[in-house]
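# this one's sequence-less:
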């Protein structure tokens, strides 16, 4: 089990954005340091050498590409996720060519940032997936630490709601789950929408993971079972 504290440096000239990102990362147990310009980012990185950096391309004192070069001088393998309002192909290629490991354009979802960072940290070895964090049935594997799902070794892109639904099913294999139980777990006690949303999201999972896993039990609910061999 990985017990080492993960340190992330967030560099952006918008204090409100760094605060929101910092809160999201602290919720997953990371220590977060913030900087609002390139010089302070380099100073902080030199002081505590982060495990990953979220770096805005547009900074008040220097270009994010220059900051990246200086960070690479401190740690050549440091994972860096570029964060920018620019979405032109030339800008993305410039960032990646300069050595960034990933690139996200604004606006973005906090879940996307966390998942992308978890992937970078896992690949760098800073974040190791715990064996007990993995749930599996057949050729489907769900990693609760990285929020990744694989089918026959291939990464499957799921929305946060699809992920939670699959996790609930995987935690209850071969058990028939009613719509109300699923609604309570995935959408919460106060969900006031139509229960048909469960059918809709089950159909999404079937389309992405295969029709043989999630079975409908008429009048009772749904059950997850491995495909017959």
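Ah, there it is. As the structure is a computational prediction, the values presented were derived from the model and not from experiment.
# after the worst-scoring helix or strand of the chain on mean pLDDT, which helix or strand is next? Please name it.
Least confident helix or strand of the chain, by mean pLDDT, DSSP states H and E, is helix 89-97 with a mean of 62. On the C-terminal side of helix 89-97, the closest following helix or strand by DSSP states H and E is strand 102-105.
# enumerate the positions of the following helix or strand past that following strand that are buried.
The helix or strand immediately downstream of strand 102-105 is helix 110-124, counting by DSSP H and E. Neighbour counts over helix 110-124 (16 or more other CB atoms under 10 Å) mark 113, 114, 115, 116, 117, 118, 119, 120, 121, 122 as buried. C-betas here are computed from N, CA, C, even on glycine.
# lowest-confidence one in the residues you listed?
On pLDDT alone, residue 122 ranks lowest of those, at 82.
# for the helix or strand encompassing residue 53, the distance to its chain's centre please.
Here residue 53 sits within strand 52-56, counting by DSSP H and E. The chain centre lies 15 Å from the centre of strand 52-56; the measure is CA atoms, centre = their mean, to the nearest Å.
# that strand to helix 110-124, inter-axis angle?
Relative orientation of strand 52-56 versus helix 110-124 (axes from the mean of the first three to the mean of the last three CA atoms, to 10 degrees): 130 degrees.
# what helices or strands is strand 52-56 leaning on?
Counting contacts by 3 or more CB pairs under 8 Å, 6 or more residues apart in numbering; DSSP states H and E, strand 52-56 packs against strand 7-11, helix 38-48, helix 64-74, strand 80-84, helix 110-124.
# surely residue 33 meets residue 44?
Yes. With contacts counted by CB atoms under 8 Å, residue 33 reaches residue 44, the gap being 5.3 Å.
# and for those two, which residues touch both?
Residues touching both residue 33 and residue 44 by CB atoms under 8 Å, 6 or more residues apart in numbering: 9, 50.
# next, count neighbours for the nearest residue to residue 172 once chain neighbours are set aside.
Of all residues not flanking residue 172 in the chain, residue 224 sits nearest, at 7.2 Å (CB to CB, 6 or more residues apart in numbering). Neighbour count for residue 224, taken as other CB atoms under 10 Å: 22.
# domain map for this structure?
Per the record, the chain has its domains at 7-124, 134-224, by the TED database.
# partner strands of the strand holding residue 53 and their direction?
Applying DSSP bridges, strand 52-56 is found paired with strand 7-11 (parallel), strand 80-84 (parallel).
# what comes up buried for stretch 156-169?
156, 158, 162, 163, 164, 165, 166, 167, 168, 169.
# that older thread, can you put the buried residues of helix 110-124 in JSON lines and add distance to residue 175?
Below are the buried residues of helix 110-124 laid out as JSON lines (distance: CB to CB, whole Å):
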{"residue": "113", "distance to residue 175": "34"}
{"residue": "114", "distance to residue 175": "30"}
{"residue": "115", "distance to residue 175": "28"}
{"residue": "116", "distance to residue 175": "33"}
{"residue": "117", "distance to residue 175": "34"}
{"residue": "118", "distance to residue 175": "29"}
{"residue": "119", "distance to residue 175": "31"}
{"residue": "120", "distance to residue 175": "36"}
{"residue": "121", "distance to residue 175": "33"}
{"residue": "122", "distance to residue 175": "30"}
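# now for those residues: which two are most distant?
Of all pairs drawn from those, the greatest distance, 14.9 Å, lies between 113 and 122 (CB to CB).
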